[in-house]
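>>> Predicted model and sequence below, questions to follow.
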Amino acid sequence: MAKRGGFPGGMGMPGNMNNLMKQAQRMQRQIEEGQKELEAKEFSAKAGGGAVEVTVSGKKEVVKVVLSEEAVDPDDIETLQDMIVAAANEALRQADEANNELMGKMTGGLGGGLPF
């Protein structure tokens, strides 16, 4: 009488788990390498027609702020502050987008995680 259920080949489960673990470890290494590459990248954004430029790293740290002379008006500090915030937020959005794109490529549509 044939067994119902179970796995083809009898002891197929441990082999399949081994393969799954190796694939998960390989994916983890690829994600780590991709994240290191991403952290080394820089993302820049401008505001105020180019009067303000903010550059952030892939680690989402501000690394540079460039202001044109016309952006620095002592009578209108609020506008300069708004432009810096706008440029920084756009640069951070670009870094997030690059990270999400990397994760999408690495997980291959698994929904951001492994199915277990």
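Right, received. Where do you want to start? Numbering: from 1, shown residues only.

>>> Please, where are all the helices along the protein?
Under the criterion DSSP state H, helices of the chain are mapped to 12-40, 77-107.

>>> Show the pLDDT at Glu39.
For Glu39, the pLDDT comes out at 87.

>>> so Glu42 bridges to which residues?
Ser57 (DSSP bridges).

>>> What is the neighbour count of it?
Residues near Glu42, counting by other Cβ atoms under 10 Å, number 13. The C-beta positions use only the backbone N, C-alpha and C, and glycine is treated the same way.

>>> export the helices of the chain to TSV and tack on mean neighbour count?
Putting those into TSV (neighbours: other Cβ atoms under 10 Å) gives the following:
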stretch	mean neighbour count
helix 12-40	12
helix 77-107	15
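
>>> Val66: which of these is closest?
helix 77-107 (9.3 Å; Cβ to Cβ).

>>> Show me what that closest one packs onto, helices and strands only.
Here helix 77-107 touches helix 12-40, strand 42-47, strand 52-57, strand 62-67, going by 3 or more Cβ pairs under 8 Å, 6 or more residues apart in numbering; DSSP states H and E.

>>> nearest to Met103, of the ones you listed?
Met103 sits nearest to helix 12-40 of all those, at 7.3 Å, using Cβ to Cβ.

>>> looking at the helices and strands packed on helix 77-107, which has the lowest confidence?
Of all the helices and strands packed on helix 77-107, helix 12-40 has the smallest average pLDDT, which comes to a mean of 83.

>>> Out of the helices of the chain, the one nearest Val63 is which?
helix 77-107 (9.6 Å).
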